[in-house]
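In: A predicted structure for the sequence below; I have some questions about it.
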Amino acid sequence: MNTVQAAFGGRNVIGFDLGHAHTTLATMSVAGRELKILEISKRKVQTTALKRRYVGSEHQRNGSTNGYKLLFGDRVFNHTPPEDELHISFKRRPSHDPIYQKNMAEFFASVLSDIDNSGQLQGWSQTTIIVGCPSAWSEQERAWYQQLLTVTGYPQPLVISESRAALLHTIVSEEAQVKLQDFDNTILVVDVGSSTVDFTLIHGMKSEEPLADFGDDIGGAFFDQAIYDYAVAHHPQPEQLRSLLALNRNLEPKLLYLCRKAKEKYFDAPDDFEDRNVPGFAEEVGTIMCGPIVNGAVMAEILAKPTKSGKPWISTFAEHLQRAKQIADAKGKPVRVIILTGGAARMHFVKETIDAIFPDSKLFVDSEPENSVAKGLAVWGRGDILVNSFRAEVDRLFATEIPALLRSRQEQLLDLLTPTLADKVIDDFVTPGIFAWKRGQYESLASLKAAIAAQTAAWLSSVEGQQLRVEIANRWWNDYVRQDFQAIMEPVCAAHDVPVGSVDIRVPFQLDHFSHNELDVPIPLGPLLRIVAYIIFWAIVWVLPLGGPILAAFITLLFKDEIDRFIDNSMQQLNLPVFMRSTVSDNKIQQIGKQNRVRIAGVMKQKLMDDAVFMENLNQQLVAQLRDDVERAVQKIARRLYSGV
């Protein structure tokens, strides 16, 4: 069985695009990648509309939640008597308006109930619901919206930006021919919806926070209302029509709905209706017929009408595009990619205007813009489940198996460290220092020891010294740890649709990471300096006449607490005046490293291994720095999973 299937089989995500004009639902299995549009009352795209058909007495109507039958979608327009309560286009920013809250909650619950009854989804306990909202909504508004759409018996939905969802769908869409790297640049998402046109500037895909987000109430409903106004004004019996509309509160929303349908048909093939009206949408209103009037001349007149800005629609739209361009350019992040989505994006002049203002940018237009947000929400939801589960597993491993693995390989790290460090200290600091002492440059052995210790400490703290420790740590990682680390990570990666190579950390310790992170260079410095001091003393005593007994005592006491006091006392005993220092053999000084390197490195390693505090600090540093590098890999993995590729 596929390991992702074993881990997440039966878990599903629903992308719920509750729009001002239309509602669409898409589903995706967490264990797979196939996107499917769910049918809402046997339609893949359902109208956002509801109707309350009251029954019983007046008392029941006003005081009982059971006093009406709720209908939703296109069927609410089949019969619209005045006693019914019809609502359309009610999706907007969350507010305390009780009618708004009631409409949103009941419509959302009715759609979920319809999906439940249709048998398209098996069980809700393993289902996650993702709902979209304009990216300009604040965190508080999103929290209100989430609470408003929380329905007993169904999962509480998560709320994310519709613009982000449209972007994700563009990436996974087979027809888009878009590469993930295309989205490393600044992206402009243009969502031409029913109520608004929203413009969202996103620099790359790493943050939910946009560079800019703004919109205008010039969505497709502007044309619906204009067509409706034109139809009423140019009706053969306008006054009688207005009287009938006043008598039945439901006739106006029904006619607006018909105007929307006529508009959509017109923009599907505007050349077909240049000189004739779009047919098929006239309705009997009382004793007269009324329907939208849509043709080339009428649309030209509507396009010349001022919007709320005082300018025609295309001019207003172009100004917003120019504003987005200026914002991106001012930040030094020019727009390279444009995503065009929304049901009203099919209006031909939308694309033409974008092409004119952004001639050098890549423009991606979804062939089914009504579905793009719902599908993108489902893609994001699947990614969110996988990412959160993957992060939790990585956290678990870094609390258990990975520290144990690194701890079990510490001895090999010291096997690499101590000979290298001993060679460096002896060749570059101890040997030259003893020659300088022999020539009288230091008054005493204590001052020689202090000088060599200071030089060594300065070098270990320098970029060169830090780089040595980094290189040793990386060599240790690749020779002794990496393969076992991969074995630990492999089942977790396989269960989350993550290629194992995504966390194949080849160089976990990098010097440039330590300049901006709260991390230390691997291998703590303090204990090393103390061990280096012992090496210095060892070398000094070894080359001096009569130093043999003291060296033997030094070796005996090396692992005892009184070793530092012993070293200080010995320096006093061994201090030679300058005229006697010539008795120290140059050859013996040169032979320090050759005769003692292995022994010094071995003693140094044992001293460090017996220092429990040092070993624990060493492990903590190694774990922290590896965790830092793995987190970078996880961020890349999250980006891939959220994008669905």
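Out: Perfect, thanks for sending it. Residues are numbered from 1 along each chain as shown.

In: Give me the residue ranges of the stretch 451-600 of the chain where confidence is low.
Out: Scanning the stretch 451-600 of the chain for pLDDT under 70 picks out 510-581, 583-584, 592-596.

In: mind redoing it with 50?
Out: For the stretch 451-600 of the chain, the stretches flagged by pLDDT under 50 are 513-522, 546-548, 550-551, 553-554, 557.

In: Which pLDDT value goes with Asp182?
Out: Reported pLDDT at Asp182 in the predicted model: 67.

In: Out of the helices and strands in the chain, which is least certain?
Out: helix 58-63 (a mean of 44; mean pLDDT, DSSP states H and E).

In: right, and the helix or strand after it?
Out: On the C-terminal side of helix 58-63, the closest following helix or strand by DSSP states H and E is strand 68-72.

In: got the domain boundaries for the chain?
Out: For the chain, the structural domains run 3-48+89-174+369-388, 177-217+312-365, 221-304, 400-643, going by automatic domain parsing.

In: Just put the ones you listed in TSV and tack on distance to Thr80.
Out: C-beta coordinates here come from the backbone N, C-alpha and C atoms, glycine included. Output for the domains of the chain, formatted as TSV (distance: least, C-beta to C-beta, whole Å):
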stretch	distance to Thr80
domain 3-48+89-174+369-388	13
domain 177-217+312-365	20
domain 221-304	4
domain 400-643	43
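
In: If I average pLDDT within each of those, which one is lowest?
Out: Lowest mean pLDDT of these: domain 400-643, a mean of 74.

In: which stretches of the stretch 151-300 of the chain form strands?
Out: With DSSP state E, counting those that start in this stretch as the criterion, the stretch 151-300 of the chain has strands at 158-161, 186-192, 197-203, 212-216, 283-285, 288-290.

In: Among those, show me which one is buried the most.
Out: strand 186-192 (a mean of 26; mean count of other C-beta atoms under 10 Å).

In: That one versus strand 212-216: what angle between them?
Out: When axes from the mean of the first three to the mean of the last three C-alpha atoms, to 10 degrees is applied, the directions of strand 186-192 and strand 212-216 differ by 20 degrees.

In: mind saving the C-alpha coords of stretch 355-368 as CSV?
Out: Taking Å, rounded to 0.1, in the frame of the first residue of the first chain, the C-alpha atoms of stretch 355-368 are listed here in CSV:
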residue,chain,number,x,y,z
ASP,A,355,-2.1,43.2,-21.6
ALA,A,356,-1.9,46.9,-22.4
ILE,A,357,-0.6,47.8,-19.0
PHE,A,358,1.7,44.8,-18.4
PRO,A,359,2.9,43.9,-21.9
ASP,A,360,6.0,42.1,-20.5
SER,A,361,4.4,40.0,-17.7
LYS,A,362,3.2,36.5,-17.9
LEU,A,363,-0.6,36.3,-17.8
PHE,A,364,-2.3,33.1,-16.7
VAL,A,365,-6.1,32.9,-17.2
ASP,A,366,-8.0,30.0,-15.8
SER,A,367,-10.3,28.4,-18.4
GLU,A,368,-12.8,27.7,-15.6
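
In: Which positions within that stretch qualify as buried?
Out: For stretch 355-368, the neighbour count (16 or more other C-beta atoms under 10 Å) marks Ile357, Phe358, Ser361, Lys362, Phe364, Val365, Asp366, Glu368 as buried.

In: Filter these down to the ones in helices?
Out: Among the buried residues of stretch 355-368, the residues falling in helices (DSSP state H) are Ile357.

In: Make CSV out of the buried residues of stretch 355-368 and add distance to Gln122.
Out: Listed next are those as CSV, based on distance: C-beta to C-beta, whole Å:
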residue, distance to Gln122
Ile357, 48
Phe358, 45
Ser361, 43
Lys362, 40
Phe364, 34
Val365, 35
Asp366, 29
Glu368, 26
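
In: Among the buried residues of stretch 355-368, which one lies nearest to Asn117?
Out: Ranked by distance to Asn117 (C-beta to C-beta), the buried residues of stretch 355-368 are led by Glu368 at 25.7 Å.

In: Backbone dihedrals for the closest one, please?
Out: In terms of degrees, to the nearest 10, the main-chain angles of Glu368 are phi -130, psi 70.

In: residues in contact with it?
Out: Contact analysis of Glu368 by C-beta atoms under 8 Å, 6 or more residues apart in numbering lists nothing.

In: Distance-wise, check Asp479 relative to Leu421.
Out: Distance, Asp479 to Leu421, using C-beta to C-beta, to the nearest Å: 18 Å.

In: just Val13 next, same as before
Out: Separation of Val13 from Leu421 (C-beta to C-beta): 54 Å.

In: can I assume Ser194 is in contact with Gly220?
Out: Yes - here Ser194 reaches Gly220: they are 4.8 Å apart, a contact under C-beta atoms under 8 Å.

In: between the two, who's got more neighbours?
Out: Comparing Ser194 with Gly220 by neighbour count (other C-beta atoms under 10 Å), the higher total belongs to Gly220, at 26 against 23.

In: quick one: contacts for the residue lying closest to the more buried one once chain neighbours are set aside?
Out: Leaving out its chain neighbours, the residue that sits closest to Gly220 by C-beta to C-beta, 6 or more residues apart in numbering is Ala344, at 3.4 Å. Counting by C-beta under 8 Å, 6+ apart, Ala344 touches Val192, Gly193, Ser194, Val197, Gly219, Gly220, Phe223, Val350.
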